[in-house]
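Kindly return the folded structure for what I paste below:
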Amino acid sequence: MNDYNVKELTEMIEKFCSDREWDRFHSPKDLAIGISTEASELLDLFRFKNEEDIEEIFYDKEKRTRVEEELADVFFFVLRFAQMNHIDLKEALEAKLEKNAKKYPIEKAKGSNKKYNEFD
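Below is the predicted model:
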């Protein structure tokens, strides 16, 4: 398997959509809807499942494939949104991690699932 970087993946998505002349359908609103819709389809695979059911999903080839496909759909829309709106995902992620490092310092957040405003 190739290890693509974000730029290469974005270029793959751009070509795929360009070949199909889909730019006119990919406004920020429609792509944001696509992200939400596909994320909801991923979430639906886990709805009402207990830990044992979820474990089975990842061991069952067909069920795992459905999870992978929905996750890939989310990733597709995220990459396409960034590409169409000139967002550098690497830079955006780095900036967000830096911001979150301040909100969630290791000494307070390590091993905790509290939100930053719940720290003592």
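
And the helices in the protein?
Ranges of helices in the chain, per DSSP state H, are 6-19, 28-44, 51-59, 61-84, 89-103, 106-109.

same for the third one, what does it pack against?
Same thing as helix 51-59. helix 61-84 (3 or more CB pairs under 8 Å, 6 or more residues apart in numbering; DSSP states H and E). (Each C-beta comes from the backbone N, C-alpha and C, glycine too.)

What average pLDDT does the helix it packs on get?
Average pLDDT, helix 61-84: 98.

In it, which residues are buried?
By neighbour count with 16 or more other CB atoms under 10 Å, helix 61-84 contains the buried residues 67, 70, 73-74, 76-84.

And Glu91, how close does it get to Leu79?
15 Å (CB to CB, to the nearest Å).

okay if I get the buried residues of helix 61-84 as JSON lines plus distance to Glu52?
What follows is these, written out as JSON lines (distance: CB to CB, whole Å):
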{"residue": "Val67", "distance to Glu52": "16"}
{"residue": "Glu70", "distance to Glu52": "21"}
{"residue": "Asp73", "distance to Glu52": "26"}
{"residue": "Val74", "distance to Glu52": "25"}
{"residue": "Phe76", "distance to Glu52": "31"}
{"residue": "Phe77", "distance to Glu52": "31"}
{"residue": "Val78", "distance to Glu52": "31"}
{"residue": "Leu79", "distance to Glu52": "34"}
{"residue": "Arg80", "distance to Glu52": "36"}
{"residue": "Phe81", "distance to Glu52": "35"}
{"residue": "Ala82", "distance to Glu52": "37"}
{"residue": "Gln83", "distance to Glu52": "40"}
{"residue": "Met84", "distance to Glu52": "41"}
